[in-house]
Structure formats: structure tokens, C-alpha cells
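**Q** Using only what follows, build the 3D model:
(one chain, ligands or ions: 2)
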Amino acid sequence: MTTQFLIAFLILYFWHIMGVTIGYHRLLSHRSFRCAKFVEYFWVLGGYLAFEGSPVWWVSVHRAHHRYTDKPQDPHSPRFGWQKALYGWLSQSAYPDHITPASQCRDLVKDPIYKFLEQDGNWRRAHILTMSTGLLFRLVLLLFCGWHIALASFLAGILVQQIPLLLNVVCHIPRLGYKNYQTAEDSVNVWWVALLSAGEGWHNNHHAHPGSARSGLRPFELDLSWMMIRLMKCCGLVGWLREESLKQNPIYEAKI
Ligand SMILES: [Zn+2]
Ligand SMILES: [Zn+2]
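**A** Numbering: from 1, shown residues only. Ligands and ions are numbered 1, 2, ... in the order given. Got it, this is the predicted structure:
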């Protein structure tokens with residue numbers, strides 16, 4: 001029973017975390033690769049069931065984070081208080097004036113599923129829908145697969161939900177990591193966040209090249225999400241992708 005629980009937990013953890021990294025982040029937010037709609041929905045569902053919230057909301061906030069990184073309009077910069085950056089910003093009930101999904105998320109609001117999950121921009125209603133769907137999914141697992149699978153799924157989902165929130169803070173505190181690129185904001189690479197988040201902790205690399213499907217660039221910068229994207233490309237599930245490497249960047253060449 002314990003082995004079954006652990007195997008289920010690991011499989012579901014990787015589906016959920018890659019749902020966030022591959023689905024919500026590298027695909028929906030940055031369009032760093034192209035794939036069929038069923039592949040997109042597979043990963044986005046993994047993120048949604050990890051209580052990540054409406055994809056339109058997530059992407060709108062994330063694009064604003066890139067546009068205003070570590071400036072007052074950044075939704076979750078730790079420069080203005082780590083508590084607000086960690087959970088505080090979630091207590092808002094609507095978009096601030098400088099974030100408008102209709103203009104900044106035009107590519108997503110047309111999708112009927114994402115439109116429904118967005119609940120007309122009402123954050124509270126969209127979050128309640130996310131929580132209810134997540135709990136209903138575990139109830140179905142409980143009825144059809146048993147308590148150990150349902151518990152493994154619930155724990156994996158709750159744990160994965162914390163990872164991007166943690167990353168928003170830790171990977172923007174310079175003393176906690178290192179930079180490959182002298183970017184104008186505070187982003188840093190943090191190895192243990194990269195391990196927990198299947199590659200997203202190489203956050204300074206990501207801010208330097210937000211459109212790249214690959215975030216781990218140096219040989220030791222393990223990027224499991226990139227490996228999965230490469231695997232999907234080999235299987236014909238990904239048609240086109242954008243890949244950055246350190247050698248292509250003159251700033252890094254000058255630094256080493
Ligand atoms: Zn960032
Ligand atoms: Zn990003």
C-alpha cells in the first residue's frame with residue numbers, strides 16, 4: 001500500500017508540476033513551443049488540478065510580472081514585502097488597472113474552456129471554481145481508486161500549488177541564488193527551487209530569455225520540463241520550439 005501511494009504521488013507530482021511549468025508557463029504564458037490542442041489541455045489540466053487557478057488569470061498576472069519585474073506594478077515582487085509577494089497579493093478580488101486580460105491575453109480569452117474558468121474576471125469566483133473542481137477530482141479518485149490514490153493526488157496537488165508562490169519570492173532575492181545574466185531586475189537561479197519545480201528555478205536564465213522553452217542552460221542546470229518538451233518533440237507531439245543556449249548570449253560570454 002505504501003509503495004502504491006509513493007508511486008502515485010510521484011507520477012501525480014510530475015504531472016501537476018509540469019502542468020504548471022510546461023502548460024501554464026512555457027506554453028500559455030510565453031508560447032515557447034507549439035503543439036496540438038489535446039497536448040495543451042493535458043498539461044493545463046495537470047496545473048488546474050494543482051489549484052493553480054484560471055489559466056487566463058495566471059497568464060495575465062505572469063505577463064505583468066515580466067512587463068514590470070520588481071517595479072511597483074509587479075504583482076508579486078519581494079522588494080515590496082515578502083509576505084505580500086508570497087500570499088498577500090492573492091487576497092485581491094479583481095485585476096488592478098494595469099492588468100487587462102482582454103488586451104494582454106487576447107490569445108487565451110477566445111478559448112471557450114479558459115473563458116469559462118475565468119468567470120468574467122471575478123478572482124474569488126474563479127478561485128472557488130478551481131478549489132471545487134480540485135476537490136471533486138479527489139472525491140472521484142476516492143470512490144474509484146481508493147483512499148491512498150486520492151490522498152497521494154491531494155498532497156501532490158497542494159504541494160505543487162505552493163511551488164510557484166515560493167519561487168516568486170525566493171528567485172527574486174539576490175542573496176539566495178546566482179545570476180548567469182546581469183539582468184536589470186533581481187532574478188536569480190536557485191538550484192533547490194529548480195529541483196522542486198522541474199526546472200523553473202533557473203529563473204535568471206528565464207528572465208534573460210523568457211521566450212525560450214529551455215531554462216536550464218549550464219551543464220549542471222537540470223531542467224526536467226525541457227527534457228519532457230524535447231521528448232514530446234521526438235514523439236511528434238511538439239512541432240516547433242524556441243531554444244536559447246548560453247553560447248548565443250554575448251553578455252554571458254563577456255562575463256566568463
Ligand atoms: Zn520572475
Ligand atoms: Zn515567465
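
**Q** average model confidence for stretch 105-114?
**A** Averaged over stretch 105-114, pLDDT sits at 94.

**Q** any idea how far that stretch is from the chain center?
**A** Distance of stretch 105-114 from the chain centroid (CA atoms, centre = their mean, to the nearest Å) equals 18 Å.

**Q** just stretch 64-71 next, same as before
**A** Centre-to-centre, stretch 64-71 and its host chain are 16 Å apart (CA atoms, centre = their mean).

**Q** Please enumerate residues in contact with that stretch?
**A** Residues outside stretch 64-71 that contact it (CB atoms under 8 Å, 6 or more residues apart in numbering): 73-77, 79, 98-99, 104, 168, 172, 184-187, 207, 210. Every C-beta, even on glycine, is put in place using the N, C-alpha and C of the backbone.

**Q** Just the buried subset of those residues, please.
**A** Those of those that meet the buried threshold are 74-77, 99, 104, 168, 172, 185-187, 207, 210, by 16 or more other CB atoms under 10 Å.

**Q** and those residues, which of them are in strands?
**A** Assignment to strands by DSSP state E places none of the buried ones among the contacts of stretch 64-71 there.

**Q** show me what contacts the nearest residue to Ala36 once chain neighbours are set aside?
**A** Among residues not flanking Ala36 along the chain, Leu237 sits closest, at 6.9 Å (CB to CB, 6 or more residues apart in numbering). Contacts of Leu237 were listed using CB under 8 Å, 6+ apart, and they are Cys35, Ala36, Val39.

**Q** Let me have these in CSV, extended by neighbour count.
**A** Shown next, in CSV, are these (neighbours: other CB atoms under 10 Å):
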residue, neighbour count
Cys35, 20
Ala36, 12
Val39, 18
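
**Q** I'd like these laid out as JSON lines, including secondary structure and distance to Ser245.
**A** Listed next are the contacts of Leu237 as JSON lines, based on DSSP: H, G, I helix; E, B strand; the rest coil; distance: CB to CB, whole Å:
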{"residue": "Cys35", "secondary structure": "strand", "distance to Ser245": "22"}
{"residue": "Ala36", "secondary structure": "coil", "distance to Ser245": "27"}
{"residue": "Val39", "secondary structure": "helix", "distance to Ser245": "24"}
